[in-house]
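>>> coordinates only, sequence not included:
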Ligand code: KG4
Ligand code: ZN
């Protein structure tokens with residue numbers, strides 16, 4: 001049982017719990033998505049998210065413990081209980097943080113607070129323990145877009161970040177503008193299958209230099225183009241927009257890998273589920289002689305296994321988190337930005 005961590009993740013619209021051994025071996029991972037609840041509103045409604053977490057947290061944790069063979073085991077069944085403390089929606093975070101603290105207190109085991117963004121970084125490490133380091137990880141989610149150099153667990157430096165919108169946010173906003181379903185990423189990917197990626201030459205902001213990212217101008221270019229050409233095929237718009245995002249992310253990842261002499265490149269976060277992005281990433285890394293690690297689709301989007309993995313390393317390095325610590329909705333990525 002050594003090194004068993006139960007983690008819960010409630011930062012946004014997924015209620016998730018997982019049991020991971022030694023920061024590496026996933027014993028169980030349960031995710032209850034609230035997508036259906038929020039789709040009607042075209043985005044996550046914070047108040048509804050918090051209430052839904054409260055309803056689902058007990059069944060989700062119970063299922064995760066049972067799936068790990070820990071159902072009905074005399075307490076304490078794990079060595080630590082972890083929760084995402086931020087960034088995220090405050091009403092959503094508080095459910096997971098309070099629940100995890102109460103379990104840790106009741107079982108007399110350490111509580112470990114985890115930064116959600118740090119959690120995403122562990123998705124590749126969890127599934128590919130043989131990853132060649134240093135690695136450049138492109139972390140692209142609904143709220144954040146970062147290019148990070150990772151030399152090992154807890155050893156990372158931010159090489160670049162978005163100066164405006166996150167990549168997933170751009171997918172969501174463009175999808176909403178085109179009248180596509182929420183969440184926007186999968187909807188754009190689906191629509192793009194019927195379109196021509198070369199139909200419209202959308203701009204690739206900040207492509208020529210540096211490792212920072214920008215997606216706001218691209219989003220605005222889509223809006224202007226559709227307003228100027230009301231009869232345009234929305235599948236062509238989706239395909240051309242997606243092609244621009246893919247080109248930007250792949251080019252910046254390869255530039256970052258050269259800059260820090262990385263041995264491999266990884267994708268992380270919800271946008272990493274995008275098929276054309278994964279294909280282009282794999283091809284570019286292969287051509288550059290780099291290792292490439294693409295988490296499974298379930299590990300790209302929000303889950304608690306990645307939070308449990310991060311918690312394992314946090315606990316070893318920093319010890320338990322105080323039970324007096326709160327949730328931090330605006331928490332940034334740990335570590336200095338080194339450009
Ligand atoms: O990591 P995640 O599940 O939650 C956050 O921490 O934000 O990422 C959600 C984001 C959303 O913006 C969603 O539209 C995007 O990931 N996404 C995708 C795809 N699947 C999810 N973007 C592009 N293509 C996809 N297949
Ligand atoms: Zn996330």
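Yep, it's here. Note that the coordinates shown come from a computational prediction; the quantities given were computed from them, not determined experimentally. Ligands and ions are numbered 1, 2, ... in the order given.

>>> Every contact and neighbour count from this point should use C-alpha atoms.
OK.

>>> Assign residue 70 to helix, strand or coil.
coil (DSSP: H, G, I helix; E, B strand; the rest coil).

>>> what number of residues lie near it?
Look at residue 70: counted by other C-alpha atoms under 10 Å, it has 18 neighbours.

>>> these two touch, right, it and residue 63?
No - using C-alpha atoms under 8 Å, residue 70 is not in contact with residue 63, being 9.6 Å away.

>>> who's in contact with the residue most central in space within the chain?
Among the residues of the chain, the one closest to the centroid is residue 269, at 2.7 Å (C-alpha atoms, centre = their mean). Counting by C-alpha atoms under 8 Å, 6 or more residues apart in numbering, residue 269 touches 120, 139-141, 300-302.

>>> One more pass at 10 Å, please.
Contacts for residue 269 (C-alpha atoms under 10 Å, 6 or more residues apart in numbering) come out as 117, 119-121, 123, 137-145, 168, 295, 297, 299-302.

>>> Kindly report the same for residue 329.
Counted by C-alpha under 10 Å, 6+ apart, residue 329 has contacts 11, 85-94.

>>> For the protein, what lies in contact range of ligand 1?
Within the chain, the positions adjacent to ligand 1 are 141-143, 168-169, 171-172, 183-186, 189, 269-271, 273-274, 301-302 by C-alpha under 6 Å from any ligand atom.

>>> from the residues you listed, which ones fall inside helices?
Among the residues of the chain next to ligand 1, the members falling in helices (DSSP state H) are 168-169, 171-172, 184-186, 189.

>>> most surrounded residue in these?
Neighbour max across these (other C-alpha under 10 Å) = residue 171, 28 neighbours.

>>> Surely that residue and residue 142 touch.
Yes - assessed by C-alpha atoms under 10 Å, residue 171 is found in contact with residue 142 at 8.5 Å.

>>> Kindly report which residue of this structure is located farthest from the centre.
The chain, farthest from centre, C-alpha atoms, centre = their mean: residue 231 at 35.1 Å.

>>> How much space separates that one from ligand 1?
25 Å (C-alpha to the nearest ligand atom, to the nearest Å).

>>> Helix, strand or coil: sort out that residue for me.
With three-state DSSP as the basis, residue 231 sits in coil.

>>> what does the helix or strand of the chain with the lowest mean pLDDT rub up against?
Every helix and strand in the chain was compared by mean pLDDT, DSSP states H and E; the lowest is helix 35-39, with a mean of 84. With contact meaning C-alpha under 10 Å, 6+ apart, helix 35-39 is reached by 13-14, 42-46, 48-49, 52, 181-183.

>>> quick revisit: for residue 171 and residue 142, list the residues in contact with both.
By C-alpha under 10 Å, 6+ apart, the residues touching both residue 171 and residue 142 are 165, 183-185, 271.

>>> Go through the residues you listed and flag the one the model is least confident about.
When the shared contacts of residue 171 and residue 142 are compared by pLDDT, residue 183 scores lowest at 89.

>>> so how many other residues sit close to that residue?
23.

>>> Leaving out the residues flanking it, which one is nearest to it?
Spatially, and ignoring its direct neighbours in sequence, residue 183 is nearest to residue 172 (6.1 Å; C-alpha to C-alpha, 6 or more residues apart in numbering).

>>> Look up how far residue 219 lies from that neighbour.
10 Å (C-alpha to C-alpha, to the nearest Å).

>>> what do you get for residue 73?
52 Å.

>>> Which one's more surrounded, these two?
Neighbour totals were compared for residue 73 and residue 219, and residue 219 leads with 20 against 11 (other C-alpha under 10 Å).

>>> ok, that one touching residue 202?
Yes - Residue 219 is in contact with residue 202 according to C-alpha under 10 Å; the separation is 9.2 Å.

>>> List the residues that are in contact with both of these two.
What both residue 219 and residue 202 touch, as defined by C-alpha under 10 Å, 6+ apart, is the set residue 241.

>>> In terms of secondary structure, what does whichever strand or helix holds residue 314 contact?
Residue 314 is part of helix 305-318 when elements are defined by DSSP states H and E. Of the remaining helices and strands, those touching helix 305-318 by 3 or more C-alpha pairs under 10 Å, 6 or more residues apart in numbering; DSSP states H and E are strand 4-9, strand 14-21, strand 25-33, strand 80-86, strand 111-115, helix 116-127, helix 297-300.

>>> In it, which residues are buried?
305-312, 314-315 (16 or more other C-alpha atoms under 10 Å).

>>> ok and that helix relative to strand 80-86, angle-wise?
If you take axes from the mean of the first three to the mean of the last three C-alpha atoms, to 10 degrees, helix 305-318 sits at 110 degrees to strand 80-86.
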